[in-house]
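Peer 1: sequence? don't have it. structure:
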């Protein structure tokens, strides 16, 4: 082996070189050389005044061809068997012999680390991009008049603060910006002293999908806005003091900041921001939906409408008049620091494609990230997320798997349900075993990911159409499907136009005694969701003048919803489930029979055969973005 390459290297790199060549020699057979000059050169270099670290190198890290024992073996091999062709295993191609390394390679091997967001202020201050991000955050705090420098009063406690750093990416995976956020350590706050009420509503995905379905039907454009440093706008009712942030200390070391407005990390910060933005909408004559407190609608006498949905600091707006939308944007910019993102494209991890055909939503980028995170990006694809007819049970006798990783996988998959109703049953099923998962349950989760690998671009299409925006539901139940506690699984789907807007797969809270009872309970839960959706659509001026039809494949449940028949078999049913009967009498909800093969909610309650699975999946309005 040629070792002349180590001449001139620094002591540290020379040590790395010798270590790597020694490691590689175990896997790659070196070609035999007659000249041992490289070793002599190395020895001479040490004798001529080399450093101590050079002298500490192994005296003979590589077996040289001068060893008499090796020479004898080679002579015997050449005379009896002829020259041997050396063919190292293919797997050894992953290893690099020392003769192929240069100074740059050695430097990379010694210093390479994967880039990631800084964890501390000390790491961030060394990089210009993060220093700039911190300056921008401090400027936002200053411009919002968030705090004032003061001395900590006696008997008061100052809450610590911390810098959080995050690289934000767009829907293409490209870096959008570097964000530095100053966060208060709210976990040190005490209830009744530092805060009282903390609840703040956020938009439900059912509401967002309903707005998108309505916008697609009416051919409206949907726009997206982002409030910069939203929580800094919230007004505080309590006296809160925070320590000065690292790198931006002012005054003496005992000085602290008294907050005039909320800071990220405070327990009451979300509520303070919601109160602020709610006051703005009231001033602008918007009407808040009493059934969805993050939905605000503005009408005028000419039939124009503006719809705004709020998810913390992200807003989407749509309507039938672009002038109203533009006026709303200008009004928001006067009150808050805003980012106008234009047409809705990427919202809370959901990719939105607005085209002439309609509005298509999916989570392609997020799905790819899940597979990469858990090492499943190169897995084999399967046709369904769960094996047809399979049953998962708790097995106390089998050894437990890593519960932490299992919870991470299931939790990541659950957010995919924002656009993937085809995964609802399988993901909700594996979520039942997070307390003590076994290898069987891990295998079930990995099968979901294998199905995900083949359907990365799948999503829901809300198409343009001239038909009335009619709400239609499907309800189904799998009787005693859980083998551990014998509870049934309820499932429902609601459609507006060509796409599903609301769905659920959930284990029932009680043990039912018959298929009729299980279907009746499922239909009651479905009716409650249907009533809520009717009220939301009514606030959007999409009145459901006719009764909302819910399709059910159980005739006895339909009869039970109309009349108290079969009293002996249903007298034990909880009173709350008979709420369905009241809705049926009022003409709000009506159960209608449909064949089991046409029951869309069947996909929410049980593992299905491949043909039935794909038929119902298409019925939900699901398509592939690539096709």
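Peer 2: Looks like it came in fine. Predicted model only: the values in this text are computed from it and were never measured.

Peer 1: tell me the contacts of the closest residue to residue 577 other than its chain neighbours?
Peer 2: Excluding its sequence neighbours, the residue lying closest to residue 577 (Cβ to Cβ, 6 or more residues apart in numbering) is residue 524, at 4.2 Å. Backbone N, C-alpha and C define where each C-beta goes, glycine included. For residue 524, the contact set (Cβ atoms under 8 Å, 6 or more residues apart in numbering) comprises 576-580.

Peer 1: what do you get for residue 509?
Peer 2: For residue 509, the contact set (Cβ under 8 Å, 6+ apart) comprises residue 487.

Peer 1: now it: how far from residue 521?
Peer 2: Per Cβ to Cβ, to the nearest Å, residue 509 is found 8 Å from residue 521.

Peer 1: related to what we said a few turns ago, going by neighbour count, which of the contacts of residue 524 are buried?
Peer 2: 577, 579-580 (16 or more other Cβ atoms under 10 Å).

Peer 1: Tell me which of those fall in strands.
Peer 2: Using DSSP state E, no member of these falls in strands.

Peer 1: Angles on the backbone of the closest residue to residue 596 other than its chain neighbours, please.
Peer 2: Take residue 596 and drop its neighbours on the chain: the residue closest to it by Cβ to Cβ, 6+ apart is residue 553, 4.6 Å away. The phi/psi pair for residue 553 (degrees, to the nearest 10) reads phi -100, psi 20.

Peer 1: Please apply the same query to residue 599.
Peer 2: When read as degrees, to the nearest 10, the backbone of residue 599 gives phi -80, psi 100.

Peer 1: Please work out how many residues are found near it.
Peer 2: 23 (other Cβ atoms under 10 Å).

Peer 1: thinking it is in contact with residue 474, fair?
Peer 2: Yes. The pair residue 599 / residue 474 is scored as a contact, 6.0 Å apart, by Cβ atoms under 8 Å.

Peer 1: Now do the shared contacts for these two.
Peer 2: Contacts common to residue 599 and residue 474, judged by Cβ under 8 Å, 6+ apart, are 551-552.

Peer 1: Count the neighbours of residue 367 for me.
Peer 2: 22.

Peer 1: How about the contacts made by the residue nearest to it when sequence neighbours are not counted?
Peer 2: Nearest non-adjacent residue to residue 367, counting by Cβ to Cβ, 6+ apart: residue 456, 4.9 Å away. Residues near residue 456 by Cβ under 8 Å, 6+ apart: 364, 367-368.

Peer 1: ok, 10 Å please
Peer 2: By Cβ atoms under 10 Å, 6 or more residues apart in numbering, the contact set of residue 456 is 362-368, 370-371, 381, 624-626.

Peer 1: can you tell me which of these lies nearest to residue 437?
Peer 2: Nearest to residue 437 among those, counting by Cβ to Cβ, is residue 370 at 17.4 Å.

Peer 1: what about that closest one, distance to residue 581?
Peer 2: On the measure of Cβ to Cβ, residue 370 and residue 581 end up 43 Å apart.

Peer 1: Also residue 464?
Peer 2: Residue 464 is 38 Å from residue 581, where distance means Cβ to Cβ.

Peer 1: Hmm, residue 455 is touching residue 371, no?
Peer 2: No. The pair residue 455 / residue 371 is not scored as a contact, 11.6 Å apart, by Cβ atoms under 10 Å.

Peer 1: Settle it for me: which of the two has more neighbours?
Peer 2: Each of residue 455 and residue 371 has its neighbours counted (other Cβ under 10 Å); residue 455 has more, 21 against 18.

Peer 1: what about residue 241, neighbour count?
Peer 2: Residues lying near residue 241 (other Cβ under 10 Å) number 18.

Peer 1: With residue 176 instead?
Peer 2: Close neighbours of residue 176, defined as other Cβ under 10 Å, add up to 13.

Peer 1: Check whether it sits in a helix, strand or coil.
Peer 2: At residue 176, secondary structure determined by DSSP: H, G, I helix; E, B strand; the rest coil is strand.

Peer 1: Same check on residue 288?
Peer 2: Of the three states, residue 288 takes strand under three-state DSSP.

Peer 1: Could you check how far the nearest residue to residue 477 once chain neighbours are set aside is from residue 482?
Peer 2: Excluding its sequence neighbours, the residue lying closest to residue 477 (Cβ to Cβ, 6+ apart) is residue 522, at 3.9 Å. Separation of residue 522 from residue 482 (Cβ to Cβ): 14 Å.
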